[in-house]
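Sequence isn't available, so here's the structure alone:
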């Protein structure tokens with residue numbers, strides 16, 4: 001129920017008088033124009049039509065120009081520069097490349113012994129000859145080499161960048177599929193790393209993990225060389241950014 005609707009009609013009249021009939025005091029005057037405190041209130045900020053240009057020091061501009069030249073694929077804003085570039089550890093390529101080499105060795109053996117392979121089918125009615133076996137072996141080797149190159153290209157084009165303003169992750173899914181994730185340093189809530197197993201300890205690689213505020217989105221990057229040092233650099237940059245200090 002509205003408190004103003006329950007007030008008596010003579011609420012504004014004096015409630016006491018002196019011996020001469022003059023009013024002594026009355027109820028507090030209600031401000032009818034006062035907004036309801038329970039209703040949400042909007043605050044509007046005026047944005048200048050022509051904001052002032054950001055002042056960039058000579059050293060920062062030099063870092064920005066150098067980063068733009070070294071990483072032309074990154075969309076760096078004015079005064080933004082790359083602090084850390086992280087690529088995947090080469091150990092992640094060992095298993096697929098070794099498998100490719102093994103298949104190539106088998107194909108070469110088949111190519112060299114094409115005549116013997118044809119001899120094993122002498123009682124078969126299939127039209128097989130040594131030149132066909134050799135041609136198929138060469139085609140197979142070419143496909144394996146192409147597949148190994150694709151794996152190498154996709155693997156190494158997954159990159160992680162730390163700038164003085166944000167974190168950028170380039171994710172290469174295939175030769176023709178790539179996308180980019182960008183997170184401002186002000187939105188990073190937690191940054192950590194993990195190393196699992198003796199192999200990761202020996203070769204000093206692991207995974208890093210970033211979580212953001214609000215949406216609680218998690219970003220992961222695997223096969224990172226020296227993940228402990230990477231996370232230390234990232235946390236220092238986040239702390240400096242949120243406290244308004246210069247980031248080196």
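The structure has been received and is ready for your questions. Fair warning: this is a prediction, and the values are worked out from it, not measured in the lab.

quick one, helices of this structure?
58-70, 94-112, 114-119, 130-156, 198-203, 227-242 (DSSP state H).

residues contacting residue 97?
148, 151, 152 (Cβ atoms under 8 Å, 6 or more residues apart in numbering). Where you see a C-beta, it was placed from the backbone N, CA and C, and this is true even at glycine.

Swap in 10 Å and give it another go.
Residue 97 is in contact with 90, 148, 151, 152, 155, counting by Cβ atoms under 10 Å, 6 or more residues apart in numbering.

how close does residue 246 get to residue 240?
7 Å (Cβ to Cβ, to the nearest Å).

which neighbours do the two share?
With Cβ under 10 Å, 6+ apart, residue 246 and residue 240 have common neighbours residue 164.

Let me know which of the helices of the chain is tucked in deepest.
Burial among the helices of the chain, expressed as mean neighbours by mean count of other Cβ atoms under 10 Å, is greatest for helix 227-242, which shows a mean of 17.

Find the least confident helix or strand in this protein, judged by mean pLDDT.
strand 23-26 (a mean of 60; mean pLDDT, DSSP states H and E).

just to revisit the earlier point, confidence-wise, which of the helices of the chain is weakest overall?
Note on these: lowest mean pLDDT is at helix 114-119, with a mean of 67.

Tell me which two in the contacts of residue 97 are the farthest apart.
For the contacts of residue 97, the farthest-apart pair by Cβ to Cβ is 90 and 148; their separation is 13.7 Å.
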